[in-house]
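Asks: I would like to see how this sequence folds:
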Amino acid sequence: MELQIKNQKALFLLSSLFLSLSVTFGSTAVKATSSASTNPEILFISDLDDTIKLSQVLSVRGAITRLRDSHSWFLGMNDLYRLVKEDNPNIQFAYVSAAPKFLLEGSHKKLLQNGQFPVGNYFGRTNITSDNFKLIRIRQLLDLIKPQKVIFFGDNGEKDASVIQLITQEYKDSGIQFFNFIHIVYSKQNPKYAKKIHPTYPGQLTFVTPVEAALELRRRNLLSETSIRSLVDQLSEQILNEKSGLRKGVVAFPSFMDCRGYQWPDSLRSEALIRKMLAEDSRIAKLDLLKEKIQQRCSIPSIEDNQDDDDGDSNP
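Replies: Numbers count the residues shown, from 1 in each chain. As a prediction, the model looks like this:
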């Protein structure tokens, strides 16, 4: 009897600890099939809205219509994330969103499940009056996990670039290597949104498709040769064949996207580097066609022509 009581107390303490950690650090995005490493070498932190999900955060009307959509994400982002996980076994994923947790946690988790994104902890904003949620949460993650490397994915519709820039500066003496990627979804050439777009910083790689990010990850030895080649083969063809004007679904260039001013990253301009990574002439030719498609698409305004008349700042 005494032993049974002790076991019950131990179980209660473990349950309380688990609940406390869940409240403090978030909840899992999808059910894990195996336990994550307690001290992973790499921490992969990703935003959701307009980084992987089609959210249109700078348009109040657009954001509302997309609020519960759990089936629309940027083409290839899930493939890229999965390949990063496959090539780096000692990695942990965290999905950090400034969207109110009570409002979007459900649809965010469904999207991660529907897209078969890698298993990771989900962190939504619990204090809706705080503008520093991501900054605080990322600090907590770094201090708790103590990774050797951090891969960060965000977008230019929110404060992601400035948040990760500040974090990078704060932890510059920690020995952590940061690899920061910012999805260019909006353009300063659009007068309606120009004042809402947040700047990027030197050292942050900007991208409009997962291909540029994948090439940079390969350059940094965070993707294998096999992975980068298969991804370029797959995505370049899909993007080249994509119809224009698509609003929902799995889309590379949704109708609201305005990437005017985007330039192919300087770190990926070396022909010798690209040839070494992609090897085959046919694959290099596909990449050249993709670059032409990006240049063409990023030379025009949003196909929706920013028809939202509400200039309010929607920033989930």
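
Asks: how near is the residue nearest to Ile300 when sequence neighbours are not counted to Ser270?
Replies: If the residues on either side of it in the chain are set aside, Ile300 comes closest to Arg260, at 7.3 Å by Cβ to Cβ, 6 or more residues apart in numbering. Every residue, glycine included, has its C-beta placed from N, CA and C. In this structure, Arg260 and Ser270 are separated by 25 Å, where distance is defined by Cβ to Cβ, to the nearest Å.

Asks: ok, the two, which is more surrounded?
Replies: For Arg260 versus Ser270, neighbours defined as other Cβ atoms under 10 Å are more numerous around Arg260 (16 against 12).

Asks: any idea how far that one lies from Leu58?
Replies: In this structure, Arg260 and Leu58 are 14 Å apart, going by Cβ to Cβ.

Asks: Repeat that for Glu105.
Replies: 22 Å.

Asks: Comparing the two, which residue is more hemmed in?
Replies: Neighbour count, other Cβ under 10 Å: between Glu105 and Leu58, Leu58 has more, with 27 against 20.

Asks: pLDDT at that one, what is it?
Replies: At Leu58 the predicted local distance difference test score is 94.

Asks: repeat for the one 4 residues further on
Replies: At Gly62, the pLDDT value in this model is 93.

Asks: same deal with Pro191?
Replies: What the model reports as pLDDT for Pro191 is 89.

Asks: again, but for Ser130
Replies: At Ser130, the model reports a pLDDT of 78.

Asks: Then Gln4?
Replies: Predicted confidence (pLDDT) at Gln4: the value is 42.

Asks: Tell me the first helix or strand C-terminal of the top strand by length along the chain.
Replies: In terms of residue count, the longest strand belonging to the chain (DSSP state E) is strand 91-100. Where DSSP states H and E defines the elements, the next helix or strand beyond strand 91-100 is helix 101-114.

Asks: What residues of that following helix count as buried?
Replies: If you call a residue buried by 16 or more other Cβ atoms under 10 Å, then helix 101-114 has these buried ones: 101, 104-105, 107-112.

Asks: which stretch of helix or strand covers the nearest residue to Arg220 once chain neighbours are set aside?
Replies: Of all residues beyond its chain neighbours, the one nearest Arg220 is Phe179 (5.9 Å), with distances taken as Cβ to Cβ, 6+ apart. In this structure, Phe179 sits in strand 177-183 according to DSSP H and E.

Asks: Pull up the pairing partners for that strand, direction included.
Replies: Counting by DSSP bridges, the strands paired with strand 177-183 are strand 149-155 (parallel), strand 205-207 (parallel).

Asks: Can you show me the strands along this protein?
Replies: Listed in chain order (using DSSP E), the strands of the chain are 27-28, 42-46, 73-74, 91-100, 120-125, 149-155, 177-183, 205-207, 250-251.

Asks: For Lys192, find the nearest of those strands.
Replies: Of all these, strand 149-155 sits nearest to Lys192, with 17.4 Å by Cβ to Cβ.

Asks: now that closest one: mean pLDDT?
Replies: 98.

Asks: can you list contacts of it?
Replies: Outside strand 149-155, the residues that touch it by Cβ atoms under 8 Å, 6 or more residues apart in numbering are 41-47, 49-52, 84, 142, 160-161, 163-164, 176-185, 213, 217, 222.
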